[in-house]
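Q: attaching a predicted model along with its sequence, questions to come.
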Amino acid sequence: MQFPISDGRRTRLEFVEVDDGLPVLTWLGVGDTADAGEPVPLQDLGPGLPLLGEHAHARYTRPHLRGHRVEGDRTGGAWSTRFRTDDVTATSDTLRITGHDDGAGLRLVWEAESLAGGGLRLRCTLTNTASTAYVVEGLEVVVPVGDHLTEVLDLTGRHERERSPQRHEVTDGLWLREERGGRPGLEAATLVALGTPHFSTTHGEVVGVHVGWSGNSVLRVERSGATGTTVGGGELLLPGEISLAQGESYATPWVYVAAADDGLDQLFQGVRAAWVLL
(Lines give C-alpha, C1' and ligand atoms only; values in the text may rest on other atoms or scores of the structure.)
Protein backbone atom coordinates (compact mmCIF):
# COMPACT_ATOMS: atom_id res chain seq x y z
CA MET A 1 0.00 0.00 0.00
CA GLN A 2 1.23 3.49 -0.85
CA PHE A 3 0.65 6.58 1.29
CA PRO A 4 1.43 9.95 -0.34
CA ILE A 5 2.15 12.90 1.93
CA SER A 6 2.08 16.22 0.12
CA ASP A 7 0.55 19.67 -0.04
CA GLY A 8 -0.59 18.64 -3.53
CA ARG A 9 1.66 21.22 -5.12
CA ARG A 10 5.33 21.07 -4.15
CA THR A 11 6.71 18.65 -1.58
CA ARG A 12 5.93 15.02 -2.37
CA LEU A 13 6.95 11.90 -0.49
CA GLU A 14 5.69 8.36 -0.92
CA PHE A 15 5.59 5.69 1.79
CA VAL A 16 5.43 2.07 0.70
CA GLU A 17 4.72 -0.73 3.16
CA VAL A 18 7.06 -3.70 3.08
CA ASP A 19 6.69 -7.19 4.49
CA ASP A 20 9.77 -7.10 6.71
CA GLY A 21 10.64 -3.89 8.48
CA LEU A 22 9.44 -0.30 8.46
CA PRO A 23 7.93 1.27 5.33
CA VAL A 24 10.18 2.63 2.61
CA LEU A 25 10.20 6.34 1.84
CA THR A 26 10.71 7.64 -1.70
CA TRP A 27 11.10 11.21 -2.94
CA LEU A 28 8.73 11.92 -5.85
CA GLY A 29 9.97 15.35 -6.83
CA VAL A 30 8.34 18.75 -6.92
CA GLY A 31 6.32 20.97 -9.23
CA ASP A 32 2.91 22.51 -9.73
CA THR A 33 1.94 19.65 -12.04
CA ALA A 34 2.49 17.06 -9.31
CA ASP A 35 -0.65 15.12 -8.41
CA ALA A 36 -0.06 13.24 -5.17
CA GLY A 37 -3.38 11.47 -5.63
CA GLU A 38 -2.08 9.35 -8.50
CA PRO A 39 -0.22 6.25 -7.32
CA VAL A 40 3.24 5.73 -8.76
CA PRO A 41 4.13 2.26 -10.08
CA LEU A 42 6.36 0.47 -7.61
CA GLN A 43 8.99 -0.21 -10.26
CA ASP A 44 9.35 3.55 -10.76
CA LEU A 45 9.96 4.36 -7.10
CA GLY A 46 13.60 3.35 -7.02
CA PRO A 47 15.37 1.78 -4.05
CA GLY A 48 13.86 4.20 -1.55
CA LEU A 49 14.94 4.79 2.04
CA PRO A 50 13.73 2.88 5.11
CA LEU A 51 12.19 5.24 7.63
CA LEU A 52 15.02 4.24 9.95
CA GLY A 53 18.35 3.38 8.36
CA GLU A 54 19.39 0.08 9.99
CA HIS A 55 22.27 -2.36 9.51
CA ALA A 56 19.70 -5.16 9.68
CA HIS A 57 18.38 -4.04 6.29
CA ALA A 58 21.80 -3.61 4.67
CA ARG A 59 21.93 0.13 5.25
CA TYR A 60 25.59 0.76 6.08
CA THR A 61 25.54 4.54 5.97
CA ARG A 62 25.27 6.65 9.17
CA PRO A 63 22.47 5.03 11.22
CA HIS A 64 19.50 7.27 11.92
CA LEU A 65 19.27 5.82 15.45
CA ARG A 66 22.45 5.36 17.45
CA GLY A 67 22.35 4.05 20.99
CA HIS A 68 22.95 1.11 23.28
CA ARG A 69 21.50 -0.66 26.30
CA VAL A 70 23.03 -0.65 29.78
CA GLU A 71 22.63 -3.84 31.81
CA GLY A 72 24.46 -3.65 35.14
CA ASP A 73 28.15 -3.28 34.40
CA ARG A 74 27.64 -4.23 30.77
CA THR A 75 27.09 -1.68 28.03
CA GLY A 76 26.79 -1.86 24.28
CA GLY A 77 23.73 -4.10 23.93
CA ALA A 78 20.95 -3.50 21.38
CA TRP A 79 23.11 -1.17 19.29
CA SER A 80 21.73 -2.65 16.05
CA THR A 81 17.95 -2.63 15.71
CA ARG A 82 15.44 -4.39 13.46
CA PHE A 83 12.09 -2.63 13.70
CA ARG A 84 8.85 -4.06 12.33
CA THR A 85 5.69 -2.13 11.56
CA ASP A 86 2.76 -2.32 13.97
CA ASP A 87 0.35 0.21 12.50
CA VAL A 88 0.04 2.85 9.79
CA THR A 89 -2.55 5.60 10.21
CA ALA A 90 -3.06 8.12 7.41
CA THR A 91 -5.35 11.12 6.95
CA SER A 92 -5.44 13.72 4.21
CA ASP A 93 -2.50 15.61 5.72
CA THR A 94 -0.86 13.36 8.34
CA LEU A 95 0.85 10.00 8.52
CA ARG A 96 1.70 8.11 11.71
CA ILE A 97 3.70 4.88 11.64
CA THR A 98 4.43 2.80 14.73
CA GLY A 99 6.90 -0.05 14.98
CA HIS A 100 8.69 -2.23 17.52
CA ASP A 101 11.83 -4.25 18.06
CA ASP A 102 11.21 -6.72 20.87
CA GLY A 103 14.81 -7.92 20.83
CA ALA A 104 16.11 -4.40 21.44
CA GLY A 105 13.22 -3.50 23.74
CA LEU A 106 12.23 -0.39 21.78
CA ARG A 107 9.13 1.15 20.23
CA LEU A 108 9.19 3.82 17.52
CA VAL A 109 6.60 6.33 16.35
CA TRP A 110 7.30 8.18 13.08
CA GLU A 111 5.08 11.17 12.19
CA ALA A 112 4.65 13.36 9.11
CA GLU A 113 2.39 16.39 8.70
CA SER A 114 1.65 18.47 5.62
CA LEU A 115 1.87 22.21 6.33
CA ALA A 116 -0.24 25.06 5.01
CA GLY A 117 1.65 26.94 2.32
CA GLY A 118 3.78 23.96 1.34
CA GLY A 119 6.27 21.71 3.04
CA LEU A 120 6.24 18.92 5.56
CA ARG A 121 7.33 18.47 9.15
CA LEU A 122 8.58 15.13 10.43
CA ARG A 123 9.66 13.67 13.77
CA CYS A 124 10.41 10.39 15.57
CA THR A 125 9.61 9.29 19.12
CA LEU A 126 11.54 6.41 20.69
CA THR A 127 10.29 4.56 23.80
CA ASN A 128 12.21 2.08 25.93
CA THR A 129 10.02 -0.95 26.65
CA ALA A 130 12.64 -3.07 28.45
CA SER A 131 13.55 -3.09 32.14
CA THR A 132 17.10 -1.81 31.68
CA ALA A 133 18.20 1.68 30.58
CA TYR A 134 18.70 2.58 26.93
CA VAL A 135 21.15 5.39 26.11
CA VAL A 136 20.24 7.44 23.02
CA GLU A 137 23.37 8.72 21.32
CA GLY A 138 21.51 10.22 18.36
CA LEU A 139 18.20 10.04 16.50
CA GLU A 140 17.81 11.92 13.23
CA VAL A 141 15.02 12.37 10.69
CA VAL A 142 16.32 11.62 7.20
CA VAL A 143 14.67 11.74 3.75
CA PRO A 144 15.91 10.69 0.30
CA VAL A 145 16.41 13.15 -2.56
CA GLY A 146 17.18 12.74 -6.23
CA ASP A 147 20.79 12.19 -7.26
CA HIS A 148 20.42 15.07 -9.74
CA LEU A 149 20.53 17.48 -6.77
CA THR A 150 24.31 17.83 -6.66
CA GLU A 151 24.93 21.20 -4.99
CA VAL A 152 24.69 21.98 -1.26
CA LEU A 153 24.05 25.39 0.30
CA ASP A 154 24.22 26.14 4.00
CA LEU A 155 24.96 29.20 6.15
CA THR A 156 28.05 30.42 7.92
CA GLY A 157 29.11 33.78 9.36
CA ARG A 158 30.81 35.92 11.97
CA HIS A 159 30.09 39.17 13.77
CA GLU A 160 28.46 41.68 11.40
CA ARG A 161 28.38 39.07 8.66
CA GLU A 162 25.93 36.54 10.00
CA ARG A 163 24.12 33.98 7.87
CA SER A 164 26.39 34.13 4.84
CA PRO A 165 25.66 31.41 2.26
CA GLN A 166 28.35 28.93 1.27
CA ARG A 167 28.22 26.11 -1.28
CA HIS A 168 29.89 22.85 -2.15
CA GLU A 169 29.24 19.84 -4.36
CA VAL A 170 27.64 16.66 -3.10
CA THR A 171 30.26 13.91 -3.00
CA ASP A 172 30.19 10.30 -1.87
CA GLY A 173 30.33 10.07 1.91
CA LEU A 174 28.89 12.00 4.84
CA TRP A 175 28.75 15.77 5.38
CA LEU A 176 27.77 16.99 8.88
CA ARG A 177 27.10 20.48 10.19
CA GLU A 178 26.91 20.61 13.99
CA GLU A 179 25.76 23.46 16.21
CA ARG A 180 27.32 22.96 19.67
CA GLY A 181 26.88 26.38 21.26
CA GLY A 182 23.63 25.56 23.04
CA ARG A 183 21.75 27.78 20.58
CA PRO A 184 22.23 28.95 16.99
CA GLY A 185 25.23 31.28 16.90
CA LEU A 186 26.67 33.74 14.40
CA GLU A 187 26.96 31.01 11.78
CA ALA A 188 23.24 30.18 12.07
CA ALA A 189 23.82 26.60 10.93
CA THR A 190 20.09 25.89 10.89
CA LEU A 191 19.38 25.25 7.20
CA VAL A 192 20.75 23.06 4.43
CA ALA A 193 19.49 23.08 0.85
CA LEU A 194 20.28 20.70 -2.01
CA GLY A 195 19.65 21.74 -5.58
CA THR A 196 20.42 21.33 -9.22
CA PRO A 197 23.74 22.86 -10.33
CA HIS A 198 23.91 26.67 -10.01
CA PHE A 199 20.46 26.99 -8.44
CA SER A 200 19.63 30.53 -7.37
CA THR A 201 16.84 32.51 -5.75
CA THR A 202 14.68 32.20 -8.89
CA HIS A 203 16.06 29.17 -10.74
CA GLY A 204 16.57 25.47 -10.17
CA GLU A 205 15.02 22.58 -8.31
CA VAL A 206 15.83 22.73 -4.60
CA VAL A 207 15.04 20.85 -1.38
CA GLY A 208 15.55 22.47 2.02
CA VAL A 209 15.76 21.00 5.54
CA HIS A 210 15.52 22.91 8.82
CA VAL A 211 15.62 21.53 12.37
CA GLY A 212 12.96 23.28 14.48
CA TRP A 213 15.09 23.42 17.60
CA SER A 214 16.80 26.26 19.47
CA GLY A 215 19.52 24.13 21.09
CA ASN A 216 22.37 21.98 19.79
CA SER A 217 21.50 20.55 16.40
CA VAL A 218 22.95 18.62 13.49
CA LEU A 219 22.35 18.73 9.74
CA ARG A 220 23.48 15.91 7.46
CA VAL A 221 23.89 15.18 3.77
CA GLU A 222 25.06 11.74 2.67
CA ARG A 223 25.55 10.03 -0.65
CA SER A 224 26.32 6.39 -1.25
CA GLY A 225 26.81 4.67 -4.57
CA ALA A 226 24.62 1.84 -3.30
CA THR A 227 21.76 3.79 -1.73
CA GLY A 228 21.69 7.29 -3.25
CA THR A 229 21.49 10.73 -1.63
CA THR A 230 19.81 11.65 1.67
CA VAL A 231 19.40 14.80 3.75
CA GLY A 232 18.17 15.28 7.29
CA GLY A 233 18.88 16.45 10.80
CA GLY A 234 17.96 16.42 14.44
CA GLU A 235 19.11 17.35 17.92
CA LEU A 236 22.81 17.00 18.69
CA LEU A 237 22.93 14.94 21.89
CA LEU A 238 25.89 15.10 24.25
CA PRO A 239 27.32 11.88 25.76
CA GLY A 240 24.93 10.44 28.34
CA GLU A 241 22.42 13.28 27.90
CA ILE A 242 19.47 10.97 27.14
CA SER A 243 19.15 7.73 29.10
CA LEU A 244 15.69 6.17 28.94
CA ALA A 245 14.35 4.09 31.81
CA GLN A 246 11.56 1.62 31.12
CA GLY A 247 8.52 3.44 29.75
CA GLU A 248 10.38 6.71 29.08
CA SER A 249 10.45 8.31 25.63
CA TYR A 250 12.60 10.67 23.61
CA ALA A 251 11.09 12.75 20.77
CA THR A 252 13.18 14.48 18.14
CA PRO A 253 12.49 18.09 17.26
CA TRP A 254 10.25 18.64 14.26
CA VAL A 255 12.36 18.57 11.11
CA TYR A 256 10.94 20.74 8.33
CA VAL A 257 11.31 19.68 4.70
CA ALA A 258 10.23 21.76 1.72
CA ALA A 259 10.94 21.84 -2.00
CA ALA A 260 10.49 24.01 -5.06
CA ASP A 261 11.28 23.77 -8.76
CA ASP A 262 11.84 27.51 -9.21
CA GLY A 263 14.56 28.48 -6.77
CA LEU A 264 15.09 29.50 -3.16
CA ASP A 265 12.54 32.34 -3.16
CA GLN A 266 9.70 29.91 -3.76
CA LEU A 267 11.19 27.42 -1.31
CA PHE A 268 11.15 30.00 1.48
CA GLN A 269 7.74 31.34 0.49
CA GLY A 270 6.34 27.82 0.65
CA VAL A 271 7.56 27.21 4.19
CA ARG A 272 6.79 30.65 5.57
CA ALA A 273 3.99 29.18 7.68
CA ALA A 274 6.41 26.63 9.15
CA TRP A 275 8.93 29.30 10.10
CA VAL A 276 6.21 31.20 11.98
CA LEU A 277 5.72 28.13 14.19
CA LEU A 278 9.29 28.23 15.51
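A: That came through fine.
Q: now do the contacts for Thr98.
A: Counting by CB atoms under 8 Å, 6 or more residues apart in numbering, Thr98 makes contact with 85-88, 107-110. For every residue, glycine as well, the C-beta is placed using N, CA and C.
Q: hmm, 6 Å instead?
A: Thr98 sits next to 86-87, 109 when contact means CB atoms under 6 Å, 6 or more residues apart in numbering.
Q: show me where the stretch 1-150 of the chain has its helices.
A: When assigned using DSSP state H, counting those that start in this stretch, the stretch 1-150 of the chain turns out to have no helices.
Q: related to what we said a few turns ago, closest to His148 out of the contacts of Thr98?
A: For the contacts of Thr98, the closest approach to His148 (CB to CB) belongs to Val109, at 32.4 Å.
Q: re the thing from before, most neighbours among the contacts of Thr98, which one?
A: Neighbour counts for these (other CB atoms under 10 Å) peak at Val109, which has 17 neighbours.
Q: my guess is that residue meets Thr125, correct?
A: Yes - with contact defined as CB atoms under 6 Å, Val109 and Thr125 form a contacting pair (4.3 Å).
Q: about what we covered before: now, the contacts of Thr98 that are in strands?
A: Using DSSP state E, the members of the contacts of Thr98 that fall within strands are 86-87, 109.
Q: which residues does Gln269 contact?
A: If a contact means CB under 6 Å, 6+ apart, then Gln269 has no contacts.
Q: element containing it?
A: Using DSSP states H and E, Gln269 sits in helix 264-270.
Q: and what of Leu238?
A: Secondary structure assignment for Leu238, by DSSP H and E: no helix or strand.
Q: my read is Thr156 is in a strand, agree?
A: Yes - secondary structure of Thr156 (DSSP: H, G, I helix; E, B strand; the rest coil): part of a strand.
Q: would you agree it is in contact with Gln166?
A: Yes - here Thr156 reaches Gln166: they are 5.1 Å apart, a contact under CB under 6 Å.
Q: between those two, who's got more neighbours?
A: Under the criterion of other CB under 10 Å, the comparison of Thr156 against Gln166 puts Thr156 first, with 15 against 11.
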